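Engineer: Pasting the sequence and the predicted coordinates here, then a few questions.
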Amino acid sequence: MSAFEYTSVMASIIVGLALVDILVSLNRLIRAGGAVRWHWAAPATALLVSLTVIQIWWGSYSPRDAAMTIGQFLPLLVELVILFLLAAAALPDEIPPGGLDLRIYYDRNGRYFWSLFTAALGWLIVMQVVETLANGEDLGGLLENRLVDLAVLAVFASLIFIRRLWWHAVALALLATGPIGWLSRSLG
């Protein structure tokens with residue numbers, strides 16, 4: 001078994017747990033019936049997280065990683081831990097006895113949630129910068145090629161501080177184009 005095969009099992013377990021957390025929380029919300037006051041933002045962000053987790057997991061495969069070392073795996077592990085925390089924060093884990101309003105949940109949880117999304121993408125960009133510098137390549141070229149990622153990072157960060165729901169709706173629509181576009185290209 002190659003180092004990549006060995007580490008991909010652990011990565012797959014973490015991704016699987018992240019997706020299971022979202023699904024278990026969704027099941028609890030559905031089964032709670034009338035005790036839940038639904039609002040679009042929480043399920044929409046849970047869907048965005050699910051698609052993002054799948055996209056990153058699928059994209060993490062690279063034949064060049066067959067000789068991966070633990071030092072090369074640890075940055076990926078940090079990313080996976082952040083993604084798991086993000087998935088765990090997407091939907092509430094429990095329904096209180098008095099019921100649950102998903103709008104209130106989203107409002108109270110939003111800063112933490114979007115901070116994790118910002119950290120996840122920020123970490124990927126930092127790792128690319130470190131790899132670029134370690135390989136003696138031009139940092140300007142990397143940043144030029146990552147302008148879209150930097151714009152997405154700015155949108156994520158804005159959602160931490162801007163609490164206007166209309167901005168969250170616009171941002172979610174824009175952010176969803178990334179994983180949905182990737183998925184549509186990958187299906188063929």
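Structural biologist: Okay, I see it.

Engineer: Tell me how many other residues crowd Val36.
Structural biologist: Neighbour count for Val36, taken as other C-beta atoms under 10 Å: 19. For glycine as for every other residue, the C-beta is placed from the backbone atoms N, C-alpha and C.

Engineer: Leaving out the residues flanking it, which one is nearest to Phe117?
Structural biologist: Phe156 (4.7 Å; C-beta to C-beta, 6 or more residues apart in numbering).

Engineer: Which SSE is immediately downstream of whichever strand or helix holds that neighbour?
Structural biologist: Here Phe156, judged by DSSP states H and E, is contained in helix 147-161. Scanning forward in sequence from helix 147-161 by DSSP H and E, the next helix or strand is helix 165-186.

Engineer: Contacts for the helix or strand harbouring Leu47, please.
Structural biologist: Assigned by DSSP H and E, Leu47 falls within helix 41-59. With C-beta atoms under 8 Å, 6 or more residues apart in numbering as the test, helix 41-59 has contacts from 11-12, 15, 18-19, 22, 25-26, 79, 83, 86-87, 90-92, 102-103, 105-106, 113, 117, 120, 165, 168-169, 172, 175-176, 178-180, 182-183, 186.

Engineer: Between helix 165-186 and it, find me the angle.
Structural biologist: 30 degrees (axes from the mean of the first three to the mean of the last three C-alpha atoms, to 10 degrees).

Engineer: didn't the residue nearest to Phe117 look like it was pressed against Trp123?
Structural biologist: No. Taking contacts as C-beta atoms under 8 Å, Phe156 lies outside contact range of Trp123: 11.9 Å.

Engineer: Those two - which one has more neighbours?
Structural biologist: More crowded of Phe156 and Trp123, by other C-beta under 10 Å: Phe156, with 21 against 17.
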